[in-house]
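Colleague: Fold the following, please.
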Amino acid sequence: MIITPARPIDVEIIMSWRRERVAWLAERGEEQWSIPLPRSAVASTVSAGQTWMVWDGDDPVATITLTAYVDVDNLWKPDRDPEALWHPEDDPADALYAAKMMIPLRYAGENLGGEMLDWAGGRACEAGLTWLRLDAWTTNSQLHDYYRRQRFRHVRTVESRVSGACFQRPAQPYTGSRLKTESP
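Modeller: Predicted structure coming up:
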């Protein structure tokens, strides 16, 4: 499998996976992702080179978005914003942030999510960052358990946020062989 930056043409694939997963979660009584994700938000991360696609030959099989914190306006102030997921003492700039990881249902159960997280941790390590971080839907305890099984540690939950469960694990070199990074 190869992992490559997503292209504008991939936005529709990602949006269809999102709709599929929202329906699947709703069937299980989960409200995760019940807030619509605008197509423009996905297109923006694709255009910024932050969204990646996993391909098995010609078949798209997964996506993940990786972002880094950029403090252009010195926004981290000593008096903590109660809505902030990551606090000044967390050193937000010392992490890569994984988000919007999606795998179509037909590829579920193959540990592709775990492999993508390992790959993302490798990207963080290559960038000289200490942490791979993510936030999860606050009420989805099954997802929290999944991240713990993926060696993430729960840091805090910001109850006022729908996606306020904060997790992190140390960045480390990617040693897997399943994903090969390719440039477009």
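Colleague: need the longest strand for this protein.
Modeller: Ordering each strand of the chain by length in residues (DSSP state E) puts strand 59-68 first.
Colleague: Run through the neighbouring helices and strands of it.
Modeller: Under the contact criterion of 3 or more CB pairs under 8 Å, 6 or more residues apart in numbering; DSSP states H and E, strand 59-68 touches helix 11-27, strand 51-56, strand 95-102, helix 112-126. Any C-beta I mention is one placed from the backbone N, CA and C, and that applies to glycine too.
Colleague: One more pass at 6 Å, please.
Modeller: Judged by 3 or more CB pairs under 6 Å, 6 or more residues apart in numbering; DSSP states H and E, the packing partners of strand 59-68 are strand 51-56, strand 95-102, helix 112-126.
Colleague: would CSV of these with distance to Ser44 be doable?
Modeller: Formatted as CSV, the helices and strands packed on strand 59-68 follow (distance: least, CB to CB, whole Å):
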stretch, distance to Ser44
strand 51-56, 9
strand 95-102, 12
helix 112-126, 19
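Colleague: For these, give me TSV that also has distance to Arg7 and mean neighbour count.
Modeller: Converted to TSV, those look like this (distance: least, CB to CB, whole Å; neighbours: other CB atoms under 10 Å):
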stretch	distance to Arg7	mean neighbour count
strand 51-56	8	20
strand 95-102	16	20
helix 112-126	18	20
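Colleague: Alpha carbons of stretch 154-170, in CSV - could you do that?
Modeller: What follows is stretch 154-170 as a C-alpha-only set of coordinates in CSV (Å, rounded to 0.1, in the frame of the first residue of the first chain):
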residue,chain,number,x,y,z
HIS,A,154,-5.4,10.1,27.9
VAL,A,155,-4.2,13.6,28.9
ARG,A,156,-7.5,15.3,29.7
THR,A,157,-11.1,15.7,28.5
VAL,A,158,-12.5,19.2,27.8
GLU,A,159,-16.1,18.4,28.5
SER,A,160,-17.4,21.6,26.8
ARG,A,161,-16.0,20.3,23.5
VAL,A,162,-17.7,17.6,21.4
SER,A,163,-14.3,16.3,20.4
GLY,A,164,-12.5,17.1,23.7
ALA,A,165,-10.9,13.9,24.8
CYS,A,166,-7.1,14.6,24.3
PHE,A,167,-4.7,11.7,23.7
GLN,A,168,-1.0,11.6,23.0
ARG,A,169,1.9,9.1,22.6
PRO,A,170,5.6,9.6,22.0
